[in-house]
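Colleague: Coordinates only, no sequence provided:
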């Protein structure tokens, strides 16, 4: 498996993301091949889609004013978090934990890094749709089967530092189910779902850089994953089924 | 960046892990080069270290008997979980969430897959020490600077499927701190710690396979990460500092 970084000019609102990518790919001189996977940084995709907001233009409502005092963040950013998120679960000082577009997202995925001073970038409106559209453009251009994943960063419980997470994908199975397969000793495997799309984003982040590197895309070649024709939603689990949330929410299960 | 899978014969208790690896590397014909990183599956390392237990030989104590009824798991496995873990945090049916060797680990990291029928594999006694020792052997053999990471699988909050996690490493900075660097617009970056070691394990897991594939090792070449001479502990954060745990434990912070 090989990974290539694809540098682009600074992405601006209104840019044609697929077009920018095609120019960058051609400049690097990597001819895409069947089953190449492109990982795109959500902040670049969202910026191109115009999901950039000037904080000055946001008028915080009453709830935002209250919550921002409680969590110690900017009331205008809090207003955007309320608008963007499905649910606010709680938080620690400076960061509110939300479910946004179905996904567990600190601060509703709103990013002040890599946005101009005074602006923030919201998550792409619909990351799966963006992945599908960009994939179609790239496949038409290069006449081969490709996959696209829109990736973001997340922290893990009780760990320092961010790893990759997939927000939307097209052309691969996001989670591979190996139940029914056997282990090294011929016994059936028990827990065997692999978060392929998330692992691919983490791999891309090793070479992506989140700072001033302008590497919003990575091409991954010869990944032994399951390619599919269309796009599947990234499967989520309920809080009840989640090990970590299950630990805290089912009081009667605590020992 | 390139990844190569390294297949080995089935690892047995008492095997010399570094020796098995050297034979496998030589068989594949990849000559290790400066700054190559080896990711090793913890189950293979633990098996070689003899951390394999026959369940039949375990006598569950009173607490194990009680907890196993409560969580619906095997009382002998529960006894091992109690012995191995620092703390039991809670659980859902069939899985107990623990902190083991400082790391959040379902079922204390005890694995029944890829162990002979009736046996389980515990985590390596000290994954950092294992990484240091295997690294020294490999560096002496190949006369170049190498890094070693011992990796495992974990689920993420509210997501289906497993991603990679590093239990111990040697020769690289496990978490890179990019604070002080600037973003695309020249502003200082805010949240900028990258869990490099975890991302590298996730990348390796894409080609590793957890089933009957006998690929306990992956070589990663040209990874743009920070190499160090010795070994650092993988940094952990307290429950209070953790977004997810902070959400639930600080009741007064709930809104």
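Modeller: Arrived safely. Every value quoted in this text rests on a predicted model; they were computed, and no experiment measured them.
Colleague: Quick check: phi and psi at the residue lying closest to residue A:65 once chain neighbours are set aside.
Modeller: Of all residues not flanking residue A:65 in the chain, residue A:75 sits nearest, at 5.2 Å (Cβ to Cβ, 6 or more residues apart in numbering or on different chains). Backbone N, C-alpha and C define where each C-beta goes, glycine included. Note on residue A:75: backbone dihedrals following degrees, to the nearest 10 are phi -60, psi -30.
Colleague: residue contacts, residue A:75?
Modeller: Counting by Cβ atoms under 8 Å, 6 or more residues apart in numbering or on different chains, residue A:75 touches A:60, A:64-65, A:68.
Colleague: ok, now residue A:95?
Modeller: Residues counted as contacts of residue A:95 (Cβ under 8 Å, 6+ apart) are A:71, A:73, A:106-107, B:243.
Colleague: can you check residue A:42 too?
Modeller: Going by Cβ under 8 Å, 6+ apart, residue A:42 touches A:109, A:123-124, A:127, A:150-152, A:167.
Colleague: Quick check: it vs residue B:145, distance?
Modeller: 35 Å (Cβ to Cβ, to the nearest Å).
Colleague: do residue A:231 as well
Modeller: In terms of Cβ to Cβ, residue A:231 sits 42 Å off from residue B:145.
Colleague: Tell me which of these two has more neighbours.
Modeller: residue A:231 (19 against 16; other Cβ atoms under 10 Å in any protein chain shown).
Colleague: Using a markdown table, lay out the contacts of residue A:75 together with neighbour count, secondary structure and pLDDT.
Modeller: As requested, the contacts of residue A:75 are exported to a markdown table (neighbours: other Cβ atoms under 10 Å in any protein chain shown; DSSP: H, G, I helix; E, B strand; the rest coil; pLDDT from 0 to 100):
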| residue | neighbour count | secondary structure | pLDDT |
| --- | --- | --- | --- |
| A:60 | 18 | coil | 97 |
| A:64 | 22 | helix | 96 |
| A:65 | 13 | helix | 95 |
| A:68 | 20 | helix | 94 |
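Colleague: tell me the two of the residues you listed that are most distant?
Modeller: Greatest spacing in these, by Cβ to Cβ: A:60 and A:68 (6.9 Å).
Colleague: which neighbours do these two share?
Modeller: Both residue A:60 and residue A:68 are in contact with A:75, A:78, where contact means Cβ under 8 Å, 6+ apart.
Colleague: Now list the buried members of the contacts of residue A:95.
Modeller: A:71, A:73, A:106-107, B:243 (16 or more other Cβ atoms under 10 Å in any protein chain shown).
Colleague: From those, pick the one nearest residue B:114.
Modeller: Nearest to residue B:114 out of those is residue B:243 (Cβ to Cβ; 32.5 Å).
Colleague: got the contact list for that closest one?
Modeller: A:91-92, A:95, A:97, A:106, A:155.
Colleague: can we see that at 7 Å?
Modeller: Residue B:243 sits next to A:92, A:95, A:97, A:106, A:155 when contact means Cβ atoms under 7 Å, 6 or more residues apart in numbering or on different chains.
Colleague: Let me know the secondary structure of the closest residue to the first one other than its chain neighbours.
Modeller: In this structure, residue A:92 finds its nearest non-sequential neighbour in residue B:246, 3.9 Å apart by Cβ to Cβ, 6+ apart. With DSSP: H, G, I helix; E, B strand; the rest coil as the basis, residue B:246 sits in helix.
Colleague: I'd say residue B:246 and residue B:240 touch.
Modeller: Yes. Here residue B:246 reaches residue B:240: they are 6.1 Å apart, a contact under Cβ atoms under 7 Å.
Colleague: Just the ones in helices from the buried ones among the contacts of residue A:95, please.
Modeller: A:71, B:243 (DSSP state H).
Colleague: Can you lay out the buried ones among the contacts of residue A:95 as JSON lines showing distance to residue B:101?
Modeller: Putting the buried ones among the contacts of residue A:95 into JSON lines (distance: Cβ to Cβ, whole Å) gives the following:
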{"residue": "A:71", "distance to residue B:101": "33"}
{"residue": "A:73", "distance to residue B:101": "35"}
{"residue": "A:106", "distance to residue B:101": "27"}
{"residue": "A:107", "distance to residue B:101": "31"}
{"residue": "B:243", "distance to residue B:101": "22"}
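Colleague: quick one: contacts for the closest residue to residue A:3 other than its chain neighbours?
Modeller: Nearest in space to residue A:3, with sequence neighbours left out and distances taken as Cβ to Cβ, 6+ apart, is residue B:1 at 4.4 Å. Contact partners of residue B:1, counting by Cβ under 7 Å, 6+ apart, are A:3, A:206-207, B:220-223.
Colleague: Name the nearest of those relative to residue A:138.
Modeller: Among the contacts of residue B:1, residue A:3 lies closest to residue A:138 (Cβ to Cβ), at 17.0 Å.
Colleague: Show me what the closest one is bridged to.
Modeller: Beta-bridge pairing of residue A:3 under DSSP bridges involves residue A:220.
Colleague: What's the separation between it and residue A:232?
Modeller: Distance from residue A:3 to residue A:232, counting by Cβ to Cβ: 23 Å.
Colleague: same thing with residue A:193?
Modeller: Distance, residue A:193 to residue A:232, by Cβ to Cβ: 13 Å.
Colleague: And the two? Which one has more around it.
Modeller: The residue with more neighbours, out of residue A:193 and residue A:232, is residue A:193; 19 against 15, by other Cβ under 10 Å.
Colleague: Which residue, other than its chain neighbours, is closest to the residue of the stretch 1-150 of chain A found nearest chain B?
Modeller: For the stretch 1-150 of chain A and chain B, the shortest gap (Cβ to the nearest Cβ) falls at residue A:90, measuring 3.5 Å. Leaving aside its chain neighbours, residue A:90 sits nearest to residue B:247 (3.5 Å; criterion: Cβ to Cβ, 6+ apart).
Colleague: residues near the one you found, how many?
Modeller: Using other Cβ under 10 Å, residue B:247 is surrounded by 22 other residues.
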